[in-house]
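Engineer: here is a sequence together with a model predicted from it:
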Amino acid sequence: MSSTDVSTGAPTPLPATSEMWLEVVVVPISDVERARAFYATTLGWRLDANLQGGGRWVVQLTPPGSACSIWVGEGITSAAPGSSQGMILAVNDVVATRDALIARGVDVSDVFHRDETGPVPGPDPEGRSYSTFASFSDPDGNTWLLQEIRTRLPGR
């Protein structure tokens, strides 16, 4: 199939023994202590692990309510610090989450939605799930997008 072909059939499901789920995303940073403080203290994410050895330092943190965690550390990625852009955090209420993050000292963008011209200030006028956003960056410049999802798409 070429990159312009679109499949119209359902994909062949994997056997039940081949389930997959996203467990960890590596976020490239320059200072482990600073990153750990930002994610654990400023954002309030759960600190799951802080492991050092063999030339690696892995800190695992998990956002509240998430099944997926992040790793920050040394010796775990060759990606440049700050090069992860547009990672999405799903939230039930983007305005309330934005306000809570600002109260914790995070510099969060104004709420916006997108139309055919690009980003537009304010929430989605129709209140649709997946359509209202705000963004922030960690100390290295990795960017996070808060995406409001009140009703999930079918099958999610």
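Structural biologist: Perfect, thanks for sending it. Keep in mind that this is a model prediction, so the values were computed, not measured.
Engineer: which helix in the chain has the most residues?
Structural biologist: Counting residues, the longest helix found in the chain (DSSP state H) is helix 94-103.
Engineer: and the average pLDDT for that helix is what?
Structural biologist: What helix 94-103 shows for mean pLDDT is 97.
Engineer: how about stretch 27-39?
Structural biologist: For stretch 27-39, the mean pLDDT works out to 98.
Engineer: and the longest helix of the chain, what's buried?
Structural biologist: Across helix 94-103, burial judged by 16 or more other C-beta atoms under 10 Å covers 94, 97-98, 101. Placement of C-beta: from N, CA and C, glycine included.
Engineer: just for this protein, where's the confidence low?
Structural biologist: For the chain, applying pLDDT under 70 flags the ranges 1-9, 14, 16.
Engineer: list the contacts of the residue nearest to residue 75 when sequence neighbours are not counted.
Structural biologist: Nearest non-adjacent residue to residue 75, counting by C-beta to C-beta, 6 or more residues apart in numbering: residue 56, 3.9 Å away. With contact taken as C-beta atoms under 8 Å, 6 or more residues apart in numbering, residue 56 is in contact with 73-76.
Engineer: rebuild those as TSV, extending it with neighbour count and distance to residue 63.
Structural biologist: Formatted as TSV, the contacts of residue 56 follow (neighbours: other C-beta atoms under 10 Å; distance: C-beta to C-beta, whole Å):
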residue	neighbour count	distance to residue 63
73	22	17
74	15	22
75	12	24
76	16	19
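Engineer: secondary structure class of residue 59, three-state.
Structural biologist: strand (DSSP: H, G, I helix; E, B strand; the rest coil).
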